[in-house]
Each structure stands twice: as C-alpha cells, then as structure tokens.
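A.B. asks: just coords:
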C-alpha cells in the first residue's frame, strides 16, 4: 500500500493525539450517521453499563476514580495500556499469564471506564507516575514489574525513574523515547482521508477505526471485527476538558532523557518492526537511552506493528514469561 509524507502539523490534533499522546476524540458537533444507525457519543455512565465486567473494581487515587482489575497470584506484573486503549487491550496477554502472576491493570484516566480528571487535579501537579504508585499502595503492592506499551511505556519508565524502589523490572513495547512532535510519520492516503472525514462529521465512526487500526497493525489478518468494534465504541466517550493532564509524555526531550538515564531496573524491550509510527530506529534509540539499567535486552518482532501485545498476545506473553523467570 502506497504511503505518502504528510506534514506532521496537519495530523497532530487527530492522529498522534489518538495514537501516542492522548487518545481523545476529535472536537466538533456530534451528528447522527443515518446509514449505520450507530451512536456518535456515549457518556461514561453508558459505557460503564455496557462494558463493566466481573472483576472490575474502582479506586479513587489522588482525586481520580480508576477502574482496575487485579487477577492471579505470584510475582506482580502491572500492565499499562497505550492511548485510545483500555485495560481490555491486555486480555490476550492476561489469559496466558494469570495462572503464574498477579496481574494488575487499569484504565488511564480519563479513558475507558475510569473517571474524569477535575480542574483541581489537573492543576494540582501530581505526576502521572504517582497515580500508579498510589494504586499499588491501595492494593498492598510494594514492588512490581511494569509492562507498558506505547504511551503506557512512557509512564512505565517515568515510574521506574521516579520510584526505583517500587520497580523490579521494566518491559517496554514500542514506547517513544524521542519527541513524537519531531517525527516525520508516513501516513496512508486512506488514513489521511479518514482523519479529514472524522473532523468533518465530528466523531470517529467504525470505518475510521478499521482504517486506523489497520495502519497500526503489522499484519491486518490479525485484526478482528471485535477489536474494531471495541475501539470504536469505547472511544465514543465525549472529549474531556483535561484529556492529557495525567499522561506521561516524551515531548520534553531533556526531561525524558534524564528519566531514561535514571532507570536502574532490568529492562526488556519488545519492538514491533512493522510499526510505521515508531520505526525500528526508535527502538534502538530507546535501548541506547537506557544505558544505566542493570541489564537490558531488545527482542524484535518482525511481523508485528505498533501494539505487539494486542496483535500477538500469545507470543508476547511467552516472551515476558521467559524473561521474568530469568530475572528471578
């Protein structure tokens, strides 16, 4: 499929905010799609009614209500999802590992079924990693291995740098190390058209997510209709006023490099080599910036794109399991 270079400034409000930074909906009026009879927005209450499942719990941490799950027994593994996702994006990995590990995952507020971020919280200056540490405190977890993908990986290494005593190991999958704002991202004509159309109609319909996820997958045969449906529906939540307030971002290059240099825990990097947003060179840069880690290794997954754990959960789970057993 042909790709063309599009100036990044034209795509940041829609593409990168949805992919790596914020996961927010496009602003604009909500309109009906008469052809498909699909919803164009769903409130948090409606989303909770539709998607709350056994095992879901809520905890208020530093003034923000977080939906989380706590499953299994054994060494603790905390899973941190990427933008536009929810804790459900880890279902395949959890199914493979929960018999051997205690697995904690949560929706990064204000995404998924977690609550809103108030102006007071947004202005309070509590670092995003302190919300993770607060949830660990609430659940009685002193130390854990953190596994973050995409922007969740940024949060993982922020936490490892700020709270080294809480992190026994660090696993990163296609996480940015350099500022995404400086990247030149190749965008397919199909995706460019969908970004434009979503801006015109004021929301992202199912076809948008089909094109968007196909763009991020290394092998589109792995993309199921159920995954497209889930991303579509869960991202119909209205735009939050403090959408990005609790995200750990890599935009400040000096701060990010300092955080990466401060990581001491053992590190495993899993890299989807077909990622068009963060290509292989970004994985090499991440590895290089983590020179202070006790140990570090990188495993390159040749047929996988931006979300390895979503696209190939069994393979990712097996790699994580093998690495954690070696580190113990």
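C.D. replies: Okay, I see it. Since the structure is predicted, the reported quantities are computational estimates derived from the model, not experimental observations.
A.B. asks: dump the residue contacts of residue 300.
C.D. replies: Shown in contact with residue 300 (Cβ atoms under 8 Å, 6 or more residues apart in numbering): 271, 273, 280, 283. For glycine as for every other residue, the C-beta is placed from the backbone atoms N, C-alpha and C.
A.B. asks: now do the SS call for it.
C.D. replies: Assigned by DSSP: H, G, I helix; E, B strand; the rest coil, the conformation of residue 300 is strand.
A.B. asks: how much space separates it from residue 293?
C.D. replies: To residue 293, residue 300 is 18 Å away according to Cβ to Cβ, to the nearest Å.
A.B. asks: if we ignore the residues flanking it in sequence, what's nearest residue 126?
C.D. replies: residue 62 (5.0 Å; Cβ to Cβ, 6 or more residues apart in numbering).
A.B. asks: what's the burial count for the one you found?
C.D. replies: Around residue 62 there are 16 other residues, counting by other Cβ atoms under 10 Å.
A.B. asks: what's the spacing between it and residue 163?
C.D. replies: 14 Å.
A.B. asks: run through who's touching the helix or strand that contains residue 120.
C.D. replies: According to DSSP states H and E, residue 120 maps onto helix 119-124. Applying Cβ under 8 Å, 6+ apart, the external contacts of helix 119-124 come out as 62, 63, 64, 241, 242, 245, 246.
A.B. asks: could you point out which element follows that helix?
C.D. replies: Next element after helix 119-124 (DSSP H and E): helix 128-138.
A.B. asks: can you flag which of the contacts of residue 300 belong to strands?
C.D. replies: Using DSSP state E, the subset of the contacts of residue 300 located in strands is residue 271.
A.B. asks: and the contacts of residue 300 as CSV, adding pLDDT and distance to residue 139?
C.D. replies: Formatted as CSV, those follow (pLDDT from 0 to 100; distance: Cβ to Cβ, whole Å):
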residue, pLDDT, distance to residue 139
271, 98, 30
273, 98, 35
280, 96, 36
283, 97, 31
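A.B. asks: residue 206: which of the contacts of residue 300 is nearest?
C.D. replies: residue 273 (28.3 Å; Cβ to Cβ).
A.B. asks: so which bits of stretch 224-236 are buried?
C.D. replies: Within stretch 224-236, the residues that count as buried by 16 or more other Cβ atoms under 10 Å are 227, 228, 230, 231, 232, 233, 234, 235, 236.
A.B. asks: out of those residues, which is nearest to residue 210?
C.D. replies: Ranked by distance to residue 210 (Cβ to Cβ), the buried residues of stretch 224-236 are led by residue 228 at 5.1 Å.
A.B. asks: quick check: what element follows the helix or strand harbouring the closest one along the chain?
C.D. replies: Following DSSP H and E, one finds residue 228 within helix 225-234. Counting by DSSP H and E, the element after helix 225-234 in chain order, helix or strand, is helix 253-262.
A.B. asks: and the contacts of that next one?
C.D. replies: Helix 253-262 is contacted by residues 154, 157-158, 160-162, 164, 177-179, 250, 286, 289-292 when judged by Cβ under 8 Å, 6+ apart.
A.B. asks: show me just the buried residues among those residues.
C.D. replies: Applying 16+ other Cβ under 10 Å to these flags 154, 157, 158, 160, 161, 162, 177, 178, 250, 286, 289, 290 as buried.
A.B. asks: please state the offset of the longest helix anywhere in the chain from the chain centre?
C.D. replies: Taking DSSP state H as the criterion, the chain has its longest helix at helix 313-327. Centroid displacement of helix 313-327 relative to its chain, using Cα atoms, centre = their mean, to the nearest Å, is 19 Å.
A.B. asks: the residue nearest the centre of the chain: what secondary structure?
C.D. replies: For the chain, the residue nearest the mean C-alpha position is residue 82 (0.5 Å; Cα atoms, centre = their mean). Counting by three-state DSSP, the backbone at residue 82 sits in coil.
A.B. asks: skipping adjacent residues, who's closest to it in space?
C.D. replies: In space, residue 82 is closest to residue 150, 3.0 Å off (Cβ to Cβ, 6+ apart).
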